[in-house]
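**Student:** missing the sequence, but the structure's below:
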């Protein structure tokens, strides 16, 4: 399926809880067809910002969240949350096919099984979530996200539940599968952001603010031992430590 991935603009976005602003008057340009990565301390509002773009924050002030092509944003989003959110009564394959099922569309079993196989889960396709490890469940959730084939992909710590080697493999797969999509990735891992991102932002403070964009050298997917990436990783870790991450 060919998709046209739009840019997204947040203009003076704001969210408050119990009368206290999590962030206010926040501006962000998410470039079309590229990966934008967001780092910051726990609780600063990264996940809330992601959910705001997805249209999942009722009562928020987003003046506004708009696509560069004038079309809708939320209707074109595939969203991968921190939790796998798998339905316990469905097996792995049917969880991957959940979007089509909810929309009343014919399920593409072959494509779902191919995605699971690519993620090392061919033998688990007919197993229910209770029989899977946390990392396996997270990979099923990634397959479900990829199955949606949407032009805008929002990912909240998508690889946090897997071991380091699997994490690198999943980063590679996601970079390949989501090439040309507009991706906003929230992560606590500076190396992950620098490997995958065209631009990286650090979110800090209360109300939260975004740093100027950090532009990693070269193009994604970058090598883990790239000297420029390693130098920026050290800089990001120092900045996050100073901000209490």
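**Tutor:** Received the coordinates, thanks. The shown structure was predicted, so the numbers you read here are calculated from the model rather than taken from an experiment.
**Student:** what bits of the chain have low per-residue confidence?
**Tutor:** Within the chain, the stretches with pLDDT under 70 are 1-3, 58-63, 243-245.
**Student:** Next, the buried residues of the strand or helix carrying residue 79.
**Tutor:** Residue 79 is part of strand 77-80, with elements assigned from DSSP states H and E. Buried residues in strand 77-80, counted by 16 or more other Cβ atoms under 10 Å: 77, 78, 79, 80. For every residue, glycine as well, the C-beta is placed using N, CA and C.
**Student:** what's the answer for stretch 85-101, then?
**Tutor:** If you call a residue buried by 16+ other Cβ under 10 Å, then stretch 85-101 has these buried ones: 86, 90, 91, 92, 93, 94, 95, 96, 97, 98, 99, 100.
**Student:** next one: stretch 200-218
**Tutor:** Burial within stretch 200-218, assessed by neighbour count using 16+ other Cβ under 10 Å, is assigned to 200, 201, 202, 203, 204, 207, 208, 209, 210, 213, 214, 216.
**Student:** which outside residues touch that stretch?
**Tutor:** If you take Cβ atoms under 8 Å, 6 or more residues apart in numbering as the criterion, stretch 200-218 is touched by 14, 20-28, 36-41, 44-46, 49, 193-194, 197-199, 222, 226, 228-229, 232, 236, 239-240, 243.
**Student:** quick one on the thing from earlier: I'd like the buried residues of stretch 200-218 as JSON lines, with distance to residue 180 appended.
**Tutor:** Shown next, in JSON lines, are these (distance: Cβ to Cβ, whole Å):
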{"residue": "200", "distance to residue 180": "19"}
{"residue": "201", "distance to residue 180": "21"}
{"residue": "202", "distance to residue 180": "26"}
{"residue": "203", "distance to residue 180": "26"}
{"residue": "204", "distance to residue 180": "31"}
{"residue": "207", "distance to residue 180": "34"}
{"residue": "208", "distance to residue 180": "30"}
{"residue": "209", "distance to residue 180": "30"}
{"residue": "210", "distance to residue 180": "24"}
{"residue": "213", "distance to residue 180": "20"}
{"residue": "214", "distance to residue 180": "22"}
{"residue": "216", "distance to residue 180": "19"}
